[in-house]
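Novice: Dropping a prediction and its sequence here:
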Amino acid sequence: MYGVNFSAPYLLFVGLYVVLALVERQIAPNSRWQNYIQAGCIALYLLFIGLRGYIGTDWYSYRLIFERVPTLFSGGWGDFWAENLLEPGFVCFVSAAKTLWNDYHFFVFLNACADAVILHLFLKRYANGGYALGFLVFLVMGGLTLSDLLRNVRSIGFFLLSLPFLTARRPVPYFGLNGLGMCFHITSILYLPLYWFLHRRWPKWIFIAVFIAGNAIFLLRIEFIRPLIERLAEGLGGRFAHLQAQYLLNELFDERYRISLGYIERIVTSLLVLGFYRKLLRERVTNVFFVNAYVLYFASFFFLSEIREFAARFSLLFAFSYWELVPALYRTMQVRFNRGLFLTAICLYAFLKTAGLTGNLLYRYDNLLWGIESYNRRVEEFERFYLNR
């Protein structure tokens, strides 16, 4: 079941951030009103995301996990570990939250608080006067999805907290924080080697080569991941057989990305980053992190586009590059008309992307402040929606 009526609350939510971003453009960087804008961004996020009901997709799994996880000082841990293969850090986090208050919605709100704190620290450090714009880009480029992926968002959060230690070349806290991230989601292992690469200024031709190769793979529909997994599954079985069953033989994932508004956005963003490449690197030393991370985002999405779920999950690990690069691109534009056109395009894309993401039954919004649909009712709708896909 699809319809724009499902998207209406989200469009209003994103629209408020558009207003805050436009107001922020008119305020002096050190004005006290900046503090009010930042507080408004956080308050909106906690009210809308932190107090949501059973919205999206992954709550279906996380609610069951929350019910099964024992509290910190109760028994049953042996049986739980025997029946569940989950990262221990996430399990301990769930158990601690459940010990404080045995209510799933409290756990969701606690996650939203953690998101808001980490994002606040990130934008204060790197957005350089584009706090509300960075918050808007966060929501549109990964944020609404990440708020549903409670394990992934914690691991990404630890990586964002580790960035200052990458700058200072302090390996112990960097690897320590990302080691904690691996305890929430194993994909954080991909952040470990970035300590040796993310801070380097790579030649521009590398980005151009990735851009051309990625488009060739995407447009020509070249497949190399699928045959590799099939061969490994046939020869080795085990984890590779599981991957084949989950992503290659499951009809829910038997779809690859096509040319769409998202494709156009990635091409335009890439061309802007290429065009302003040297200016971005000169504007702030730390911009090199986000330019390199964007290259990884682009490569993850386009090189893995033959398996939709792989492309979405792996590129999401580097979506944080948008949250800083978009405000940075705005800052580097000197011509006022270009700035206005760029900001208009961002706002328009924000509405279109939000409508596309949330325009289905699974995103029908409700909130604890005025009441939510029952868990059983949402389960019925969730299962019926997927069965009819």
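Specialist: Nice, thanks for sending it over. Numbers count the residues shown, from 1 in each chain.
Novice: use CA for all of it now, contacts and neighbours both
Specialist: Noted.
Novice: what does stretch 63-77 contact?
Specialist: The contact list for stretch 63-77, computed with C-alpha atoms under 8 Å, 6 or more residues apart in numbering, reads 80, 91, 92, 94, 95, 96, 98, 99, 104.
Novice: got the CA positions of it in PDB?
Specialist: Included here for stretch 63-77 are C-alpha records, laid out as PDB according to Å, rounded to 0.1, in the frame of the first residue of the first chain:
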ATOM      1  CA  ARG A  63      11.400  -5.700  19.300                       C
ATOM      2  CA  LEU A  64      11.800  -9.500  19.400                       C
ATOM      3  CA  ILE A  65      15.500  -9.100  20.400                       C
ATOM      4  CA  PHE A  66      14.500  -6.700  23.200                       C
ATOM      5  CA  GLU A  67      11.900  -9.200  24.500                       C
ATOM      6  CA  ARG A  68      14.400 -12.100  24.500                       C
ATOM      7  CA  VAL A  69      17.400 -10.300  26.000                       C
ATOM      8  CA  PRO A  70      17.700 -10.900  29.800                       C
ATOM      9  CA  THR A  71      18.200  -8.000  32.100                       C
ATOM     10  CA  LEU A  72      21.700  -7.500  33.500                       C
ATOM     11  CA  PHE A  73      21.200  -9.300  36.800                       C
ATOM     12  CA  SER A  74      18.700 -12.000  35.800                       C
ATOM     13  CA  GLY A  75      19.400 -15.500  34.700                       C
ATOM     14  CA  GLY A  76      18.900 -17.100  31.300                       C
ATOM     15  CA  TRP A  77      22.100 -15.800  29.600                       C
END
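Novice: If you count neighbours, what's buried in it?
Specialist: Neighbour counts over stretch 63-77 (16 or more other C-alpha atoms under 10 Å) mark 63, 65, 66, 69, 70, 71, 72 as buried.
Novice: How about stretch 88-104?
Specialist: 89, 90, 91, 92, 94, 95, 96, 97, 98, 102, 104.
Novice: Equivalent analysis for stretch 271-282, please.
Specialist: Neighbour-count burial for stretch 271-282 [16+ other C-alpha under 10 Å]: 273, 274, 276, 277, 279, 280, 281.
Novice: can I get those residues in TSV with distance to residue 162?
Specialist: TSV is the format used below for these (distance: C-alpha to C-alpha, whole Å):
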residue	distance to residue 162
273	24
274	27
276	26
277	24
279	25
280	22
281	21
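Novice: hmm, which two among these are most spread apart?
Specialist: Between any two of these, the greatest separation by C-alpha to C-alpha is 11.1 Å, found for 274 and 281.
Novice: ok, and the closest non-adjacent residue to residue 58?
Specialist: Here the nearest residue to residue 58 in space, its sequence neighbours aside, is residue 148; by C-alpha to C-alpha, 6 or more residues apart in numbering that works out to 5.8 Å.
Novice: Show me which of the buried residues of stretch 88-104 is closest to residue 333.
Specialist: Checking those one by one against residue 333 (C-alpha to C-alpha), the nearest turns out to be residue 90, at 41.8 Å.
Novice: OK, contacts around the closest one?
Specialist: Counting by C-alpha under 8 Å, 6+ apart, residue 90 makes contact with 151, 183, 184, 185.
Novice: Most neighbours among these, which one is it?
Specialist: residue 184 (26 neighbours; other C-alpha atoms under 10 Å).
Novice: Return the residues in contact with that residue.
Specialist: 87, 88, 89, 90, 151, 152, 154, 155.
Novice: May I ask which two of those are separated the most?
Specialist: Among the contacts of residue 184, 88 and 152 lie farthest apart (C-alpha to C-alpha), at 13.6 Å.
Novice: Now do the strands in the stretch 151-300 of the chain.
Specialist: Applying DSSP state E, counting those that start in this stretch to the stretch 151-300 of the chain gives no strands.
Novice: Under the pLDDT cut-off, which ranges of it? List them.
Specialist: In the predicted model, the stretch 151-300 of the chain carries pLDDT under 70 at residues 229-257.
Novice: before we move on, back to that, ok, the buried residues of stretch 271-282 vs residue 357, which is closest?
Specialist: Residue 357 lies nearest to residue 273 out of these, by C-alpha to C-alpha, at 25.1 Å.
Novice: My read is that residue 347 contacts residue 18, right?
Specialist: Yes - with contact defined as C-alpha atoms under 8 Å, residue 347 counts as touching residue 18 (6.5 Å).
Novice: and the residue nearest to residue 58, how many neighbours?
Specialist: For residue 148, using other C-alpha under 10 Å, the count is 21.
Novice: For it, which residues are in contact?
Specialist: 55, 56, 57, 58, 59.
Novice: Run through the residues that contact the second one.
Specialist: Remark: with contacts taken as C-alpha under 8 Å, 6+ apart, residue 56 is in contact with 148, 362, 363.
Novice: Go ahead and confirm the last one touches residue 58.
Specialist: No - when contacts are counted by C-alpha under 8 Å, residue 363 is not listed as touching residue 58 (11.6 Å).
Novice: ok, these two, which is more surrounded?
Specialist: Neighbours per residue, other C-alpha under 10 Å: of residue 363 and residue 58, the larger number sits with residue 363, 19 against 14.
Novice: pLDDT wise, what is that one at?
Specialist: On the pLDDT scale, residue 363 is placed at 93.
Novice: same question, residue 388
Specialist: Residue 388 is given a pLDDT of 62.
Novice: can you check residue 304 too?
Specialist: pLDDT, residue 304: 88.
Novice: if I pick the residue nearest to residue 182 when sequence neighbours are not counted, what's in contact with it?
Specialist: Closest residue to residue 182 apart from its sequence neighbours, by C-alpha to C-alpha, 6+ apart: residue 188 at 4.9 Å. For residue 188, the residues meeting the contact criterion (C-alpha under 8 Å, 6+ apart) are 155, 156, 159, 178, 179, 181, 182.
Novice: What about the fifth one, how many residues nearby?
Specialist: Applying other C-alpha under 10 Å, we find 20 residues neighbouring residue 179.
Novice: now, which of the contacts of residue 90 sits nearest residue 385?
Specialist: Of the contacts of residue 90, the one sitting nearest to residue 385 (C-alpha to C-alpha) turns out to be residue 151, at 23.9 Å.
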